[in-house]
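Asks: output the structure for:
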Amino acid sequence: MLWPLKDPMVKTFLASIAAILLIAGLVVSTHTALADDVTRVTGGGTATFNADLDGDGEIDGSQFGLGVRILGNSSANGHFQCLMAGRSDILGLPLMAVEGKVTTGNVNSDGTATFGGLARVNLGDGTIFSDVPITVTASAGGPGVGTLTLTVIGAFDGVPGDTIIGNGNYDLPIETVSSGHVKVN
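Replies: Residues are numbered from 1 along each chain as shown. I've put the predicted structure just below:
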């Protein structure tokens, strides 16, 4: 027996199936559009402040690594690490490491990316702070072009290298990539 296409219940059923398929198609296309609205901020290398921040006669800088995905809704995921040790000592410490899990981010109108999350800060003298909020602004480029700016929120206000004293944060100056690169795409 052939399916009775003129039956009102069959027409309602087929119309319902068509509506479900249309809605499913819209959901899939919206999900795909959101998935495509991802900016990746990646890279690693060394960077310099082009200044002696702690007065020890040496130009200070860091080694860095980052792998961040910024989604269109200002959420993000990934990792950021900044290490000031050995050849790039700062503050007279044997080590200052900032290692963070990234949870928020935005792409700025000038093409830079700003992201943040919670970090572990290791001062190398046995002092370690956990869950310290940080923000980083990065611009794309290799040596002499790419930049990073790290702010440790709620800690180290006024120590050498802080560019905005009195706001409760450790606002490091802009670092320029010396070797390696930063990509924002």
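Asks: any idea what Gly78 is bridged to?
Replies: In this entry, Gly78 is beta-bridged to Val68, Val102, by DSSP bridges.
Asks: quick check: closest non-adjacent residue to Val184.
Replies: Setting aside the residues directly before and after it, Val184 is nearest to Ala140 in space (C-beta to C-beta, 6 or more residues apart in numbering), at 4.3 Å. Where you see a C-beta, it was placed from the backbone N, CA and C, and this is true even at glycine.
Asks: I'd say that neighbour and Gly111 touch.
Replies: Yes - counting by C-beta atoms under 8 Å, Ala140 touches Gly111, with 6.9 Å between them.
Asks: how does this structure divide into domains?
Replies: Using automatic domain parsing, the domain ranges for the chain come out as 1-36, 38-184.
Asks: can you flag the weakest of those domains by average pLDDT?
Replies: The weakest mean pLDDT among these belongs to domain 1-36, with a mean of 51.
Asks: where exactly do the strands run in this structure?
Replies: With DSSP state E as the criterion, the chain has strands at 38-48, 61-71, 75-90, 93-107, 113-122, 128-139, 147-152, 170-171, 175-184.
Asks: could I get the ones you listed as JSON lines with mean neighbour count and distance to Ile164?
Replies: Below are those laid out as JSON lines (neighbours: other C-beta atoms under 10 Å; distance: least, C-beta to C-beta, whole Å):
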{"stretch": "strand 38-48", "mean neighbour count": "19", "distance to Ile164": "20"}
{"stretch": "strand 61-71", "mean neighbour count": "20", "distance to Ile164": "19"}
{"stretch": "strand 75-90", "mean neighbour count": "18", "distance to Ile164": "17"}
{"stretch": "strand 93-107", "mean neighbour count": "18", "distance to Ile164": "17"}
{"stretch": "strand 113-122", "mean neighbour count": "21", "distance to Ile164": "16"}
{"stretch": "strand 128-139", "mean neighbour count": "18", "distance to Ile164": "13"}
{"stretch": "strand 147-152", "mean neighbour count": "20", "distance to Ile164": "9"}
{"stretch": "strand 170-171", "mean neighbour count": "22", "distance to Ile164": "4"}
{"stretch": "strand 175-184", "mean neighbour count": "19", "distance to Ile164": "16"}
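Asks: so which of those gets nearest Asp54?
Replies: When the strands of the chain are ranked by proximity to Asp54, the top entry is strand 75-90, at 5.4 Å, counting by C-beta to C-beta.
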